[in-house]
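Chemist: have a look at this prediction, sequence included:
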Amino acid sequence: MLAEVGVREGDAIALLLHNDPVNTMEYVVVTLRQVVPSLSEQDAVAVMIEAHNTGVGLVIVCDLEPAEFYCETLKA
């Protein structure tokens, strides 16, 4: 997926969460914590609030493989 646009293994990938009018804030926090185990409750709330207030929040910066996994899992 990301390799198609020139991203290579070892590149740092910023995983972003976009605000949406469908999912509740509570659901977003719970889902972030389930999918991205390194996020604490406080971090997940901060990402959700950032996305809610600005339209986009930074979830994590990581390698390509986990970024693709987190992205696909969060979309499901």
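Modeler: Now that the structure is in, tell me what you want to look at.
Chemist: from here on, just use CA atoms for contacts and neighbour counts.
Modeler: Will do.
Chemist: buried ones in stretch 35-50?
Modeler: Of the residues in stretch 35-50, those with enough neighbours to count as buried (16 or more other C-alpha atoms under 10 Å) are V36, L39, D43, A44, V45, A46, V47, M48, I49, E50.
Chemist: so which other helices or strands are in contact with the worst-scoring helix or strand of the chain on mean pLDDT?
Modeler: Lowest mean confidence among the helices and strands of the chain (mean pLDDT, DSSP states H and E): helix 64-75, at a mean of 90. Counting contacts by 3 or more C-alpha pairs under 8 Å, 6 or more residues apart in numbering; DSSP states H and E, the secondary-structure elements packed against helix 64-75 are strand 13-18, helix 25-35.
Chemist: the same query, at a cut-off of 6 Å, please.
Modeler: Here helix 64-75 is seen to pack against no other helix or strand when contacts are counted using 3 or more C-alpha pairs under 6 Å, 6 or more residues apart in numbering; DSSP states H and E.
Chemist: buried set for that helix?
Modeler: Of the residues in helix 64-75, those with enough neighbours to count as buried (16+ other C-alpha under 10 Å) are L64, A67, E68, Y70, C71.
Chemist: for the closest residue to the last one other than its chain neighbours, grab the count of nearby residues.
Modeler: Residue nearest to C71 in three dimensions, not counting chain neighbours: L15, with 7.3 Å by C-alpha to C-alpha, 6 or more residues apart in numbering. The local packing count at L15 equals 18, with neighbours defined by other C-alpha atoms under 10 Å.
Chemist: ok, now the one 10 residues further on?
Modeler: Residue crowding around M25 was assessed by other C-alpha under 10 Å; the count is 16.
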